[in-house]
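Undergrad: mind looking at a prediction? Sequence and model below.
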Amino acid sequence: MASHKLQTTHDDEFDGTLSLGVHPDGSLAFSDGEATVDQEDVATEIDSRYPNVEYVGEADGADASESESAADGIAEPPLDPGDHTIGELEAELEQQDYSDAELEALLDAEAAGKNRAGATDAIEESLAN
């Protein structure tokens, strides 16, 4: 599934979360003025409703972001934990062999998103193992 990139029009270095009623989670986390959503219709709806956020198109492929991240020395979360129930997240963590850096990034993404205790516990347990 392709991700769709949104960016703020007022601050290209904005890091934070905006409460957006149209987003399925009710909020959208931005980093360096950019955020992604999984559905194009959600991206276009956010663009049409919120004047300080614009839809800029499909996000770059995973290969490009992995290369950028590796060059920067920063791991990207392997998935958006907010798109999964705690049970789904636990199953994914059991099935995959994520690096500590990926798990730390996943932990940061959960904290910036829904910040659920059960999800945080599952990620921390994977880090400990």
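TA: Sure thing, it's come through.
Undergrad: quick one, domains of the chain?
TA: Using automatic domain parsing, the domain parsing of the chain gives 4-59, 64-128.
Undergrad: and the last one, what's its mean pLDDT?
TA: For domain 64-128, the per-residue pLDDT values average out at 84.
Undergrad: contacting residues for the residue nearest to the spatial centre of the chain?
TA: For the chain, the residue sitting closest to the mean C-alpha position, by CA atoms, centre = their mean, is residue 80 at 4.6 Å. Residues counted as contacts of residue 80 (CB atoms under 8 Å, 6 or more residues apart in numbering) are 38, 109, 113. Every C-beta, even on glycine, is put in place using the N, C-alpha and C of the backbone.
Undergrad: residue 86 now?
TA: By CB under 8 Å, 6+ apart, the neighbours of residue 86 are 116, 118-119, 122.
Undergrad: tell me the phi and psi of it?
TA: Residue 86 adopts backbone torsions of phi -60, psi -40, taken as degrees, to the nearest 10.
Undergrad: for residue 29, see how far away it is.
TA: Going from residue 86 to residue 29 by CB to CB, to the nearest Å gives 18 Å.
Undergrad: now do the helix or strand containing residue 17: which elements does it pack against?
TA: Using DSSP states H and E, residue 17 falls within strand 16-19. Packing partners of strand 16-19 (3 or more CB pairs under 8 Å, 6 or more residues apart in numbering; DSSP states H and E): strand 27-30.
Undergrad: direction included, what does the strand it packs on pair against?
TA: Here strand 27-30 has these sheet partners by DSSP bridges: strand 16-19 (antiparallel).
Undergrad: I'd like to know how many residues surround the closest residue to residue 16 other than its chain neighbours.
TA: Excluding the flanking residues, the one nearest residue 16 by CB to CB, 6 or more residues apart in numbering is residue 30, at 6.0 Å. Neighbourhood size, residue 30 [other CB atoms under 10 Å]: 20.
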